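> sharing a model that was predicted from the sequence below.
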Amino acid sequence: MKQYLLLLKGKKELDYSPEQLQKRLEEYRTWVTTIEEHYVADNRLERIGAHISQKNEITTDGPFLEAKEIIAGFIIIKATNLDEAVTISNSSPLLNYFEIYVRPMVPND
């Protein structure tokens, strides 16, 4: 199986209240148990960072106020091909909050 990076990008302003965050986490944890054999790793990212479009030019340094600018985190899964990785991604409850970019990872051979 090949590894795929699922990159989570904000598509609308998110409610970051503790209750809403807990709800998203519970939905996510439940989903991960359904894809357990494909799951490799995940991590959330902080809401600050930099966008560098060319050498020595920082166009955005955060904090990111608009969700469209937020790369919220990533998930790494295993799948036999891109179609399977897309199918797995389409089953994620995180699509209610994020766009998901699915990219194959180059092996470290």
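Yep, that arrived. Numbering: from 1, shown residues only.

> partners of the residue lying closest to Leu45 once chain neighbours are set aside in the sheet?
Excluding the flanking residues, the one nearest Leu45 by C-beta to C-beta, 6 or more residues apart in numbering is Gly73, at 5.1 Å. Backbone N, C-alpha and C define where each C-beta goes, glycine included. Gly73 has these beta-bridge partners by DSSP bridges: Leu8, Arg44.

> the longest helix belonging to the chain - what's its average pLDDT?
Longest helix in the chain, counting residues (DSSP state H): helix 18-34. What helix 18-34 shows for mean pLDDT is 92.

> ok, and for that helix, which residues are buried?
Under the neighbour-count criterion of 16 or more other C-beta atoms under 10 Å, helix 18-34 has 24, 28, 31 buried.

> also stretch 90-100?
92, 94, 97-98, 100.

> low-confidence stretches in the chain?
Scanning the chain for pLDDT under 70 picks out the ranges 12-15, 57-69.

> make sure Ile75 is indeed in a helix.
No - counting by DSSP: H, G, I helix; E, B strand; the rest coil, Ile75 is not found in a helix; it is strand.

> tally up the residues packed near it, please.
25 (other C-beta atoms under 10 Å).

> now swap in Asn81 and tell me
Asn81 has 12 neighbouring residues, counting by other C-beta under 10 Å.

> from what I can see Tyr101 touches Ile71, true?
No - taking contacts as C-beta atoms under 8 Å, Tyr101 lies outside contact range of Ile71: 9.3 Å.

> got any residues that touch both of these two?
7, 9 (C-beta atoms under 8 Å, 6 or more residues apart in numbering).
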